[in-house]
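J.: my questions are about this predicted structure, shown below with the sequence.
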Amino acid sequence: MKSSAKLRSLLWILPLLLTAAPAFAAEAAAEDAPHSMSVLETILHGGPLIIMIWICILATSVVMVTFIIQLFLTLRNDVLAPPALVAALQNSIAAGNYQEAWEICRANKAYVANVLGGVLERIGRGKDAVETSLIEYGQKEAQLLRTKNSYLSVIGVIAPMIGLLGTVIGMMGAFAVLGQSGVADPRQLALRIGEVLMATASGLFIAIPAFIFYYFFRNRTAIVLVHADDKLNRLTEDIPFAELAGLKIGENFDAGAGAPVAGASVSRKVSMALTTNCPVCNGAIQAGQNPCPHCGATLDWA
């Protein structure tokens, strides 16, 4: 009788235990579950080395975005060869005002102005010297543009290496935890592995767009340089080089030996039988006329 009474009491308690068991299991799991950490908490948990690596990753990303914005603003046709600047240079060169064109180039910092300014300084040396100058100054200015773009390639190489450094340091911490507590504390091991994956992913997140924009801007640079060089060739193709021999443009402006120089000694003897042009200004005059009605020079008629 006693055993049957105990059996009945156990059968009565068993449903209650089965009902309460899931609640107790959920509470125990909640107590043992790891506390979810934010990205900032994960970085700070990594220690000074991990923090320094993340600072480098952040600085690299800021530099990458800065170069991308700068190249987007620079590599444009209207920046390398502004239409207003090209029109002003074309008007000055067509009028023969090469010194004025050089001054316009000096006042501007566009690609066309920097190249043409150096070319005009050699205009008195002939066509070959001008063509050589176009190539020389063009390559110099183009190299400056390509150098800015090459920094994106450098960032694309460095960023994964910074992430890899964070990976190595994180794995060292993970193995240290594994060596101290074995597999008894999987939470700390998982946290260390999470730090490793975050550093690696961040480096790749910077490197991938850096390489994409590097190749994009490399092709863009070639396109805008072709456009700017075409404008330069059009500006210089009609220059009468044979007539400008000895002409010096730039700081030491000199119109050349064939131009009249103020105050120079000029012969004023004129033959009444052979000429009716003033020897000073080359204006048409009548034989025996004195002074010259054009320049006012006193002539000595032979």
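T.: All right, it came through fine.

J.: and Ala201, backbone torsions?
T.: phi -60, psi -40 (degrees, to the nearest 10).

J.: er, Ile285 actually
T.: Taking degrees, to the nearest 10 as the convention, Ile285 sits at phi -140, psi 160.

J.: roughly how far does it sit from Thr298?
T.: 12 Å (C-beta to C-beta, to the nearest Å). (C-beta placed from N, C-alpha, C; glycine too.)

J.: break the chain into its domains for me.
T.: 39-244, 266-302 (automatic domain parsing).

J.: for the longest helix seen in the chain, give the mean pLDDT please.
T.: In the chain, with assignment by DSSP state H, the single longest helix is helix 127-181. The predicted model gives helix 127-181 an average pLDDT of 85.

J.: please look at Leu75 and Lys148 and confirm they touch.
T.: No: here Leu75 does not reach Lys148: they are 9.1 Å apart, not a contact under C-beta atoms under 8 Å.

J.: between Ile285 and Thr298, which is the more surrounded one?
T.: Ile285 (21 against 9; other C-beta atoms under 10 Å).

J.: so for the residue nearest to that one when sequence neighbours are not counted, what pLDDT did the model give?
T.: Counting by C-beta to C-beta, 6 or more residues apart in numbering, Ile285 lies nearest to Cys278, which is 5.3 Å off, once chain neighbours are set aside. If you check Cys278, the pLDDT there is 72.

J.: next one: Ala284
T.: 73.

J.: what pairs with it across the strands?
T.: Asn277 (DSSP bridges).

J.: number the chain from 2, please
T.: Right, with 2 as the first residue, what we last looked at is Ala285.

J.: tell me, how many residues neighbour it?
T.: So Ala285, with other C-beta under 10 Å, has 9 neighbours.

J.: could you point out where the stretch 2-151 of the chain is predicted with low confidence?
T.: 2-48 (pLDDT under 70).

J.: can you pull out the helices in it?
T.: Along the stretch 2-151 of the chain, the segments classed as helices by DSSP state H, counting those that start in this stretch run 3-33, 40-46, 49-75, 78-81, 84-95, 99-108, 112-121, 128-182.

J.: relative to Arg221, which of those helices is closest?
T.: helix 49-75 (7.8 Å; C-beta to C-beta).

J.: could you check the angle helix 112-121 makes with the closest one?
T.: 70 degrees (axes from the mean of the first three to the mean of the last three C-alpha atoms, to 10 degrees).

J.: only the buried residues of helix 49-75, if you could.
T.: For helix 49-75, the neighbour count (16 or more other C-beta atoms under 10 Å) marks 51, 54-55, 57-58, 61-62, 64-65, 68-69, 72, 75 as buried.

J.: elements contacting it?
T.: helix 40-46, helix 128-182, helix 187-237 (3 or more C-beta pairs under 8 Å, 6 or more residues apart in numbering; DSSP states H and E).

J.: go with 6 Å
T.: In terms of contacts (3 or more C-beta pairs under 6 Å, 6 or more residues apart in numbering; DSSP states H and E), helix 49-75 is packed against helix 128-182, helix 187-237.

J.: now mean neighbour count and distance to Leu81 too, for those helices, in TSV please.
T.: Output for these, formatted as TSV (neighbours: other C-beta atoms under 10 Å; distance: least, C-beta to C-beta, whole Å):
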stretch	mean neighbour count	distance to Leu81
helix 128-182	16	8
helix 187-237	17	4
